[in-house]
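Chemist: Sharing a sequence plus its predicted fold:
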Amino acid sequence: MLLGNLLQQMYNVVDTWVVGNYIGSDALAGVGSAYTLMVFLTSILLGMCMGSGVVFSLCFGRKDKQKLQETVGTSFLLIAAAAVLLTLVPLLLLDNILAWLNIPQEILTLTRKYLFIVFLGIPAVFLYNFFAAYLKALGNAVVPLAFLAVSTGVNIVLDLLFVVAFRWGTPGAAGATIIDQYCSGIGAAVYVLKRDALVRGAFVHLKLSRANLREIAGYSVFTCLQQSVMNLGILMVQGLVNSFGTSIMAAFAAAVKIDSFAYMPAQEYGNAFSTFIAQNTGAGKKVRVRSGIQCAALTSITYCAAASLVLWFQAKNLMQIFISPSKREIIEEGVRYLHIEGAFYCGIGCLFLLYGFYRAKFKMSPLKYRKAHRKENDADALKPFRTL
């Protein structure tokens, strides 16, 4: 799961590297602004898919195939509707979004072209993450990883071809990205539909019920908020960053990519932890849940401390991957950003674990938890930490 998420991030990182090295810092500033917006939009879909994945894991742990089939069809329709909205609304409001982000006039045209194209890839993001969430809920994280590995390789080739050889600029980088997104999305969908009779049955014998919809929406809405709230904060900061000009925008664009890569393992570890807790909760294995919490806390904190040290000492070298060493002002600003961000990774690692735990343990509705189980679940959560 970790390798898969890192490969998924490679789409935008490769764009950043190619644009920063072969087009220039102005183009990098435009792509960086687009990146924070796209991360926010796609985090909504990621959260909904992860929330549905928890429901799939619970059904799988209970060996309730009928309920699993029903929830697959219901969640697909729900998230597909969200994907359509997240594609059409940004396209219709593109000029308003650019104005709200304070995009400087000198990079307005290239940013607009890049965003228009990458918005068209949102349905592909939905397809891949929905079917990947289903496979991961059943314990299969290898197949989604394989699709991402192939599409990431294709992305690198197409980026170099479109930008370096054909000189299509930022639209070429955007085109390479969405082609690869559709390769992984359609590939994952075809694989699951061809190999899994239960999923095929979910679409052939589609059965919508208010109870299933309420359960899926409850998990999905709160998971969506968990996934998108931090990215919304970064997006809000992006508008302020853009007011300082293209040099600061370029530094922020490169530093955010490095930052995302650094904390991504902790975030994906929290997602895997959520699947682990949900499957074992569904199977009634409380002892395994408690020991898993201990293991997860120690592992996550150890990784985060190591990542903070690496970022502190290697921030300059990492910035030079995306920015020419001659652009000293841009590199210095990026290093300052990374030193501040990296100091708090242990806290964010614990936050991702708590997200994963509460997502898996509580059957949340949009209005309230199920009060009857809240105290019992909280007590289970605290026991392993008392002996840690």
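Modeler: Received the coordinates, thanks. Residues are numbered from 1 along each chain as shown.
Chemist: Pull out the buried residues from the host helix or strand of Lys194.
Modeler: Counting by DSSP states H and E, the element that carries Lys194 is helix 169-195. Judged by neighbour count using 16 or more other Cβ atoms under 10 Å, the buried positions of helix 169-195 are 169-189, 191-192. Just so you know, the C-beta spots here come from the backbone N, C-alpha and C atoms, and that holds for glycine as well.
Chemist: pLDDT of stretch 83-99, averaged?
Modeler: The average pLDDT within stretch 83-99 is 95.
Chemist: which residues does the residue nearest to Gly53 when sequence neighbours are not counted contact?
Modeler: Closest residue to Gly53 apart from its sequence neighbours, by Cβ to Cβ, 6 or more residues apart in numbering: Ala133 at 3.6 Å. Listed by Cβ atoms under 8 Å, 6 or more residues apart in numbering, the contact partners of Ala133 are 49-50, 52-53, 56.
Chemist: repeat that for 10 Å
Modeler: 46, 48-57, 75, 79, 144, 271, 275 (Cβ atoms under 10 Å, 6 or more residues apart in numbering).
Chemist: In this protein, where is pLDDT below threshold?
Modeler: Scanning the chain with the threshold set as pLDDT under 70 gives 5, 8-12, 362-388.
Chemist: mind redoing it with 80?
Modeler: 1-16, 207-209, 219-223, 226-227, 230, 359, 361-388 (pLDDT under 80).
Chemist: Please look at Ile179 and Ser151 and confirm they touch.
Modeler: Yes. Between Ile179 and Ser151 there is a contact at 8.6 Å, judged by Cβ atoms under 10 Å.
Chemist: moving C-terminal of the helix or strand where Ser75 lies, what's the next helix or strand?
Modeler: Assigned by DSSP H and E, Ser75 belongs to helix 65-92. Next helix or strand after helix 65-92 toward the C-terminus (DSSP H and E): helix 94-100.
Chemist: And that following helix, what's buried?
Modeler: So, applying 16+ other Cβ under 10 Å, buried residues of helix 94-100: 97-98.
Chemist: That helix: how far from the chain's middle?
Modeler: 23 Å (Cα atoms, centre = their mean, to the nearest Å).
Chemist: ok, and what's touching it?
Modeler: For helix 94-100, using Cβ under 10 Å, 6+ apart, the contacting residues are 33-34, 37, 89-91, 93, 103, 108-109, 111-112, 115-116, 119, 235, 239, 242.
Chemist: hmm, 8 Å instead?
Modeler: Contacts of helix 94-100 (Cβ under 8 Å, 6+ apart): 37, 90, 108, 111-112, 115-116, 119, 239.
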